[in-house]
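Trainee: turn this into a structure:
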Amino acid sequence: MNLNLDQSLGERYDNNSQKIRVMSESWTEKNIFCPNCGNKIKNLENNKKVSDFLCEKCFENYEQKASQKKFRGKVVSSEYKTTITRLVSLDKPNFFFMHYVINAYSVNDFFVVPKYFFVPEIIEKRKALSKTARRAGWIGSNILFSKIPSSGKIYYIENGEEISKKEILEKWQKTSFLKEEKKPERKGWILDIMNCIDALGKKEFSLQDLYTFEKELSIIHPENRNIKPKIRQQLQRLRDENYVEFSGNGNYKLS
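Mentor: Numbers count the residues shown, from 1 in each chain. So this is what the prediction gives:
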């Protein structure tokens, strides 16, 4: 895979953001396949699109964001109400994220986040702009990448290294069960437990390890007075979906 962006595509534009948009979208159309079915994706026309790319085989759609900075921690997004409205809509897209090196005009990281990981809880409301600002009262938002489980960030390119197509397709399917979860509260619990497993930083862990997050989870879910049974319930769900394996005696490992 050629990681270089085609700089000639940006020569007709004066605005740097327009240059990057054209170069990055062209690169994606040439190099990236649909992670759901493996088919080629098509770049949609600017004046007709509600997203940036479409798979014409399985009809999954994708929006792309490109940045000189790595996507981690907090990343500035668009207007808060618009963002939240889109995240709860039925036609929200999956998201591609491209981190490029501007000096070399090359792709350093490229990953996809399936739409079912984009829930309102990962969006932070920013302070309204001051009365003296040009857009006084405007309220922006941040994407909290720290709240997206590692399994929800599926890399094609990581630190300049290409990931195999087989691995990408397998990782996509591993969490596809979340697509069927329609209740926000239930999905929120599953994602929280996934994040707790990530925080442990190890492939094999115990139920007791996850119990250490009881206080943290009780703050996130103040309405629930039975945190430990809820942890066990979510682990059973993740086991049934082959996200984790039960090793016996209260021990688990990531599949």
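Trainee: mean confidence score for stretch 125-140?
Mentor: Across stretch 125-140, pLDDT averages out at 91.
Trainee: and the end-to-end length of that stretch?
Mentor: 6 Å (C-alpha to C-alpha, to the nearest Å).
Trainee: now do the strands in the stretch 151-255 of the chain.
Mentor: 154-158, 161-162, 204-206, 244-248, 251-254 (DSSP state E, counting those that start in this stretch).
Trainee: partner strands of the shortest one, with direction?
Mentor: Strand 161-162 has these partner strands in its sheet, going by DSSP bridges: strand 154-158 (antiparallel).
Trainee: could you give the mean pLDDT of the strand it pairs with?
Mentor: When pLDDT is averaged over strand 154-158, the result is 98.
Trainee: check stretch 2-15 too.
Mentor: 92.
Trainee: which parts of that stretch are buried?
Mentor: In terms of neighbour count (16 or more other C-beta atoms under 10 Å), stretch 2-15 has its buried residues at 3, 5, 9, 10. C-beta coordinates here come from the backbone N, C-alpha and C atoms, glycine included.
Trainee: JSON lines for the strands of the stretch 151-255 of the chain, including distance to residue 40?
Mentor: Formatted as JSON lines, the strands of the stretch 151-255 of the chain follow (distance: least, C-beta to C-beta, whole Å):
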{"stretch": "strand 154-158", "distance to residue 40": "14"}
{"stretch": "strand 161-162", "distance to residue 40": "17"}
{"stretch": "strand 204-206", "distance to residue 40": "38"}
{"stretch": "strand 244-248", "distance to residue 40": "33"}
{"stretch": "strand 251-254", "distance to residue 40": "31"}
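Trainee: tabulate those strands (JSON lines), appending distance to residue 237 and mean neighbour count.
Mentor: Output for these, formatted as JSON lines (distance: least, C-beta to C-beta, whole Å; neighbours: other C-beta atoms under 10 Å):
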{"stretch": "strand 154-158", "distance to residue 237": "21", "mean neighbour count": "20"}
{"stretch": "strand 161-162", "distance to residue 237": "33", "mean neighbour count": "12"}
{"stretch": "strand 204-206", "distance to residue 237": "16", "mean neighbour count": "15"}
{"stretch": "strand 244-248", "distance to residue 237": "10", "mean neighbour count": "13"}
{"stretch": "strand 251-254", "distance to residue 237": "12", "mean neighbour count": "16"}
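Trainee: so which of those strands gets nearest residue 87?
Mentor: For those, proximity to residue 87 was assessed by C-beta to C-beta; strand 154-158 is nearest, at 18.8 Å.
Trainee: tell me how far the closest one is from the chain's mean position?
Mentor: On the basis of C-alpha atoms, centre = their mean, to the nearest Å, strand 154-158 sits 12 Å off its chain's mean C-alpha point.
Trainee: now do that strand: everything it contacts.
Mentor: Strand 154-158 is contacted by residues 1, 3, 31-32, 35, 107-114, 162-163, 168, 171-172 when judged by C-beta atoms under 8 Å, 6 or more residues apart in numbering.
Trainee: for that strand, list the C-alpha coordinates in PDB.
Mentor: Presented in PDB, the C-alpha positions along strand 154-158 are these (Å, rounded to 0.1, in the frame of the first residue of the first chain):
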ATOM      1  CA  ILE A 154      -9.800  -1.000  14.100                       C
ATOM      2  CA  TYR A 155      -6.500  -0.100  12.400                       C
ATOM      3  CA  TYR A 156      -5.600  -0.400   8.700                       C
ATOM      4  CA  ILE A 157      -2.400   1.500   9.300                       C
ATOM      5  CA  GLU A 158      -0.700   1.900  12.700                       C
END
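Trainee: hey, what's residue 155 bridged with?
Mentor: With DSSP bridges applied, residue 155 shows beta-bridge pairing to residue 111.
Trainee: and the gap between it and residue 61?
Mentor: Distance of residue 155 to residue 61, given as C-beta to C-beta, to the nearest Å: 20 Å.
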